[in-house]
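Undergrad: Build me a model from this:
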Amino acid sequence: MSLSDFIEANLDALVDDWAEFAAQLMCNGQPLTTPELQDSARHMLQKIAADMRTDQSGAEQKAKSRGEGGGGAANVNEVAQEHANDRLDQGFALNDVVAEFRALRATVLRRWQVTSLDPLTALDETVRFNEVIDQALSESIRQFSLRISETRDRFAGILAHDLRSPLGAITNSAELLMRDESLPVQCIKATASIQRSATRMRRMVDDLLDFTRTRLGDTLPISVSPQDAGRLCSNARDEVSASFPQANIEMFFDGDLTGRWDGDRLSQVVINLLVNAIQHGHGAIRLSAQGAGEIVTVSVSNEGKAIPRLVLANIFDPLTRTHSSPEQRGTAAGIGLGLYICKCIAQAHGGSIAVNSANTTTVFTVRLPRAAKN
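TA: Below you'll find the model as predicted:
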């Protein structure tokens with residue numbers, strides 16, 4: 001009996017074995033009924049048997065061995081995704097899903113071996129069966145991980161959104177206290193510190209919201225209007241200086257700096273680049289803007305150790321750590337989120353961002369079309 005015929009002939013027993021093993025994985029959780037544990041098991045075994053009966057070329061076999069599908073893999077992938085979704089909703093962990101497939105492989109082959117096998121075809125059928133199981137396992141892991149990532153990103157987005165209200169109350173209260181001329185000097189200094197910290201928190205919350213939006217497949221919305229890049233850079237420098245009074249930020253402007261951009265977004269880019277320079281460099285920071293033709297360029301440079309080549313390759317990827325001082329490790333500094341947001345904003349304007357780091361100088365350069373479109 002061929003392995004595909006064996007699977008269909010013993011479908012009920014194989015599904016029961018699957019459900020029994022799944023129940024053991026859930027022994028410490030909320031008990032599930034047998035139909036819930038069997039969920040897509042029957043459907044998956046049927047698709048596996050059907051896939052094994054289809055003709056498969058050498059190219060399709062090679063593609064499937066690499067997890068790229070081929071042949072009837074699309075049908076197997078569909079039911080594997082369904083199984084991953086069911087198990088995630090039922091509270092299974094990723095390791096549990098992997099264990100299920102490992103147990104299924106062993107159960108089917110063990111039961112089949114006690115039947116009358118044709119030694120000429122047994123090896124080929126075992127290889128084909130393992131290919132389909134690996135394909136289903138790979139797709140289940142991919143879908144399970146995708147769902148986990150989406151859930152985590154949505155949670156981060158909700159958390160960041162909910163933080164804006166209490167953070168706004170802190171900021172408004174601090175501004176109100178700063179207007180009270182009767183406050184002692186020590187209280188004024190403490191209130192100013194609250195203001196600076198709240199401003200930095202707001203920037204981090206804004207970056208987190210933008211990060212979750214792009215991770216969930218949305219593009220960053222922009223609303224363009226006539227702007228002056230020089231004025232935006234000056235305002236950004238003032239905001240950063242309020243949070244980092246010790247920073248020495250020098251500005252250099254040249255050419256026509258007017259254009260149509262999202263002013264808030266462009267300010268966010270400049271602020272993120274300045275904060276990055278403060279956190280990872282030393283000495284004076286140079287903020288420059290230059291207009292030439294239909295392009296306006298904004299750059300931020302700082303002195304310090306060159307960024308390692310391996311880090312440079314992925315520096316604009318989300319959650320990529322750059323080099324940082326010991327006191328900054330483990331904090332929001334150096335995780336690369338701000339640089340990722342800079343890249344997203346530049347691209348939303350039809351522009352680009354690049355970095356050059358050599359010897360003791362690092363320069364981030366943003367190129368923007370003078371007239372961005374919504």
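
Undergrad: to the chain's geometric centre, what's the distance from stretch 244-261?
TA: Centre-to-centre, stretch 244-261 and its host chain are 31 Å apart (Cα atoms, centre = their mean, to the nearest Å).

Undergrad: Please write out the alpha-carbon positions of that stretch in CSV.
TA: C-alpha atoms of stretch 244-261 as CSV (Å, rounded to 0.1, in the frame of the first residue of the first chain):
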residue,chain,number,x,y,z
PHE,A,244,19.9,68.6,25.8
PRO,A,245,21.2,72.0,27.1
GLN,A,246,24.8,70.8,26.9
ALA,A,247,24.6,70.1,23.1
ASN,A,248,26.6,72.4,20.8
ILE,A,249,24.6,72.5,17.5
GLU,A,250,26.0,74.7,14.7
MET,A,251,23.8,75.6,11.7
PHE,A,252,24.8,76.4,8.1
PHE,A,253,22.3,77.3,5.4
ASP,A,254,22.8,77.9,1.7
GLY,A,255,20.5,78.5,-1.2
ASP,A,256,16.8,78.5,-1.6
LEU,A,257,15.4,76.3,1.2
THR,A,258,11.7,76.7,0.4
GLY,A,259,9.5,73.9,-0.8
ARG,A,260,6.4,71.8,-0.3
TRP,A,261,6.7,69.3,2.5
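
Undergrad: buried residues in it?
TA: F244, A247, I249, F253, L257, G259, R260, W261 (16 or more other Cβ atoms under 10 Å). Bear in mind the C-beta positions are built from the backbone N, C-alpha and C, glycine included.

Undergrad: For the stretch 201-350 of the chain, give me the ranges with low pLDDT.
TA: 218, 319-336 (pLDDT under 70).

Undergrad: mind listing the strands for it?
TA: With DSSP state E, counting those that start in this stretch, the ranges of strands along the stretch 201-350 of the chain come out as 225-228, 249-254, 258-261, 282-292, 295-303.

Undergrad: Does anything pack onto the second one? Which helices or strands?
TA: For strand 249-254, the contact count by 3 or more Cβ pairs under 8 Å, 6 or more residues apart in numbering; DSSP states H and E identifies helix 229-243, strand 282-292 as packing neighbours.

Undergrad: before we move on, the earlier item: could I get the buried residues of stretch 244-261 as JSON lines with distance to P369?
TA: Shown next, in JSON lines, are the buried residues of stretch 244-261 (distance: Cβ to Cβ, whole Å):
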{"residue": "F244", "distance to P369": "31"}
{"residue": "A247", "distance to P369": "30"}
{"residue": "I249", "distance to P369": "26"}
{"residue": "F253", "distance to P369": "19"}
{"residue": "L257", "distance to P369": "14"}
{"residue": "G259", "distance to P369": "8"}
{"residue": "R260", "distance to P369": "9"}
{"residue": "W261", "distance to P369": "9"}
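
Undergrad: What segments of the stretch 101-250 of the chain are helices?
TA: Remark: helices assigned in the stretch 101-250 of the chain by DSSP state H, counting those that start in this stretch are 119-178, 185-215, 229-243.

Undergrad: and the second one, what does it pack onto?
TA: Under the contact criterion of 3+ Cβ pairs under 8 Å, 6+ apart, helix 185-215 touches helix 119-178, helix 229-243, helix 263-280, helix 337-348.

Undergrad: next one: the third one to chain centre, how far?
TA: Just to be clear, that refers to helix 263-280. That offset, for helix 263-280, works out to 21 Å (Cα atoms, centre = their mean).

Undergrad: Next, the buried residues of it.
TA: Buried, per 16+ other Cβ under 10 Å, within helix 263-280: 263, 265-280.

Undergrad: before we move on, what about the shortest one?
TA: Using 16+ other Cβ under 10 Å as the burial criterion, the residues of helix 337-348 that qualify are L337, G338, L339, Y340, I341, C342, K343, C344, I345, A346, A348.

Undergrad: Same question for the second one.
TA: Buried residues in helix 229-243, counted by 16+ other Cβ under 10 Å: A229, G230, L232, C233, S234, A236, R237, E239, V240, S243.

Undergrad: circling back to that earlier point, any chance of the helices and strands packed on helix 185-215 in CSV, with distance to N359 too?
TA: Output for these, formatted as CSV (distance: least, Cβ to Cβ, whole Å):
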stretch, distance to N359
helix 119-178, 37
helix 229-243, 25
helix 263-280, 15
helix 337-348, 21
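
Undergrad: in the stretch 51-200 of the chain, what spans have low per-residue confidence?
TA: 64-74.

Undergrad: domain parsing for the protein?
TA: 3-151, 152-215, 225-369 (automatic domain parsing).

Undergrad: R286 pairs with what?
TA: Here R286 sits in beta bridges with E250, S301, going by DSSP bridges.

Undergrad: OK, contacts around it?
TA: If a contact means Cβ atoms under 8 Å, 6 or more residues apart in numbering, then R286 has E250, F252, S299, V300, S301, N302 as its contacts.

Undergrad: ok, so of those, who is nearest A372?
TA: Using Cβ to Cβ, S299 comes nearest to A372 of these, at 18.1 Å.

Undergrad: Could you check how far that closest one is from D162?
TA: For S299, the distance to D162 equals 36 Å [Cβ to Cβ, to the nearest Å].

Undergrad: In terms of neighbours, single out the busier of these two.
TA: S299 (19 against 11; other Cβ atoms under 10 Å).

Undergrad: That one against L368, yeah?
TA: No: using Cβ atoms under 8 Å as the test, S299 is too far from L368 to be in contact (11.6 Å).

Undergrad: What is the neighbour count of R128?
TA: 22.

Undergrad: thought it was touching T54?
TA: No: in this structure, R128 is not within contact of T54 by Cβ under 8 Å, at 9.9 Å.

Undergrad: quick one: contacts for the spatially most central residue of the chain?
TA: Centroid-nearest residue in the chain: R215, 5.2 Å away (criterion: Cα atoms, centre = their mean). R215 makes contacts with S149, D153, P318, as judged by Cβ under 8 Å, 6+ apart.
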